[in-house]
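1. Please find the sequence and the predicted model below.
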Amino acid sequence: MNDSASLRAPLDAATLRRDLVGAGLIRRLDVVESTGSTNTDLAAAFAKAPDTWPEISVLATDFQSAGRGRLERSWQAPPRSSLAVSILLRPAPGGATPPEEAYGWLSMLCASALAAALRETAGVPAELKWPNDVIIAGRKVAGVLAQLVPAPHGAPAVVVGSGVNVSLDRGELPVPTATSLLLEDASTVDTTELLAAYLRQVSRLYSGFLRAGCRAVEPIDTGGSLLERVSANMATLGAPVRAELPGGGTVEGIAVGLEADGGLGVRADDGSTSVVRAGDVVHLRRTDGRYA
């Protein structure tokens, strides 16, 4: 395996702006050398000057020192070993207020776009783990986190942040259950190429979601709905799982499907089905060997 340090080239902001902003796929792209958290910074910048951050605006870095995940977990990767990117979205299909459940789908939309970009650009078998992790062979390679940001007028904005483990070696992983593109023998660990592929996928899928009225059950153009597209790539579905709920309880059973609002249906041994809408999901051992 190549020395990971030699593969850590900085993000090429000029190329990204030419290929993405110039092509009209996104409206604004800021690349910074380092930041505490792209989500925190983008949310604060939008709150201070909302008119300067149109939809779709992006803040990206290859060194995030205070990243925050679900349940307030934090981490810090070595410089240029990861990709952190936050996207500002203001869903308003046809100028109308989006349905309430639309906001809950934006993190899964971006996770689905990221998994597609990793499959097509890096050649890795990326899948989704409910609600918004990206995994390879059961190990987490990326996480997605969304937060609402109040707007001075109209519907609130949503900042969706993604963190990708790109060229971390095994000793740099945050937890033993994580992985990186380098460790998975990806065909590329070029962060500029990966970011461009991700943002193209987000632009395409998000535009289709808007045309579908921000309703996850409605077909996108001539293809499947967002719910169907996410479900098709979600390794959680069909797997035995344990959902650890925010209040301290647990739900255990087979993950059987996604609800219209993005909740996860879990069927217990007695045949009853519970819908989990928040919490951590653990994939339990499968008989087909996909999960340890």
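-> On my side now, so go ahead. Everything numeric in this text was worked out from a predicted model, so none of it was measured.
2. so residue 264 touches residue 129, yeah?
-> No: using C-beta atoms under 8 Å, residue 264 is not in contact with residue 129; the gap is 10.6 Å. Placement of C-beta: from N, CA and C, glycine included.
3. Need the overlap of contacts for these two.
-> Taking C-beta atoms under 8 Å, 6 or more residues apart in numbering as the contact rule, residue 264 and residue 129 both touch 236, 281.
4. Any regions of the stretch 1-150 of the chain where pLDDT drops low?
-> For the stretch 1-150 of the chain, the stretches with pLDDT under 70 are 1-6, 66-76.
5. mind listing the helices for it?
-> Taking DSSP state H, counting those that start in this stretch as the criterion, the stretch 1-150 of the chain carries its helices at 13-16, 38-48, 102-117.
6. Kindly reformat the ones you listed as JSON lines containing distance to residue 208 and mean neighbour count.
-> Below are the helices of the stretch 1-150 of the chain laid out as JSON lines (distance: least, C-beta to C-beta, whole Å; neighbours: other C-beta atoms under 10 Å):
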{"stretch": "helix 13-16", "distance to residue 208": "22", "mean neighbour count": "15"}
{"stretch": "helix 38-48", "distance to residue 208": "23", "mean neighbour count": "19"}
{"stretch": "helix 102-117", "distance to residue 208": "10", "mean neighbour count": "25"}
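7. Arrange those helices in a markdown table, one row each, with distance to residue 80 as further columns.
-> Shown next, in a markdown table, are those (distance: least, C-beta to C-beta, whole Å):
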| stretch | distance to residue 80 |
| --- | --- |
| helix 13-16 | 14 |
| helix 38-48 | 15 |
| helix 102-117 | 19 |
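8. roughly how far apart are the closest residue to residue 127 other than its chain neighbours and residue 133?
-> Closest residue in space to residue 127, ignoring its immediate chain neighbours: residue 235 at 4.0 Å, by C-beta to C-beta, 6 or more residues apart in numbering. In this structure, residue 235 and residue 133 are 10 Å apart, going by C-beta to C-beta, to the nearest Å.
9. So for these two, which sits in the more crowded spot?
-> Between residue 235 and residue 133, counted using other C-beta atoms under 10 Å, the more crowded position is residue 235 (24 against 21).
10. Contact partners for that one?
-> Contacts for residue 235 (C-beta under 8 Å, 6+ apart) come out as 127-129, 135, 138, 283, 290.
11. again, only using 10 Å
-> If you count contacts by C-beta atoms under 10 Å, 6 or more residues apart in numbering, residue 235 has them with 115, 125-130, 133-138, 255, 283, 286, 290-291.
12. now residue 124
-> Residue 124 neighbours (C-beta under 10 Å, 6+ apart): 115, 118, 134, 136-137, 141, 179, 181, 184-187.
13. Ramachandran angles for it?
-> Here is the backbone geometry of residue 124 (degrees, to the nearest 10): phi -110, psi 150.
14. State the distance from residue 282 to residue 230.
-> 20 Å.
15. Looking only at neighbour counts, state which of these two leads.
-> Taking other C-beta under 10 Å, residue 282 and residue 230 do not tie; residue 230 has more neighbours (25 against 15).
16. So the more buried one: helix, strand or coil?
-> Three-state assignment for residue 230 (DSSP: H, G, I helix; E, B strand; the rest coil): helix.
17. Surely it touches residue 104?
-> No: Residue 230 is beyond contact range of residue 104, at 11.7 Å (criterion: C-beta atoms under 10 Å).
18. tell me, what's touching these two both at once?
-> Joint contacts of residue 230 and residue 104 (C-beta under 10 Å, 6+ apart) are 131, 216, 262.
19. check contacts around the second one.
-> Read that as residue 216. Residue 216 touches 99, 101-102, 104-105, 108-109, 209, 225-230, 258-262, counting by C-beta under 10 Å, 6+ apart.
20. ok, now with 7 Å
-> Neighbouring residues of residue 216 by C-beta atoms under 7 Å, 6 or more residues apart in numbering: 105, 225-227, 260.
21. For ChimeraX, what selects the buried ones among these?
-> The ChimeraX selection below is limited to those of the contacts of residue 216 classed as buried (16 or more other C-beta atoms under 10 Å):
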select :105,225,226,227
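22. Make a markdown table out of the contacts of residue 216 and add secondary structure.
-> What follows is those, written out as a markdown table (three-state DSSP):
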| residue | secondary structure |
| --- | --- |
| 105 | helix |
| 225 | strand |
| 226 | helix |
| 227 | helix |
| 260 | coil |
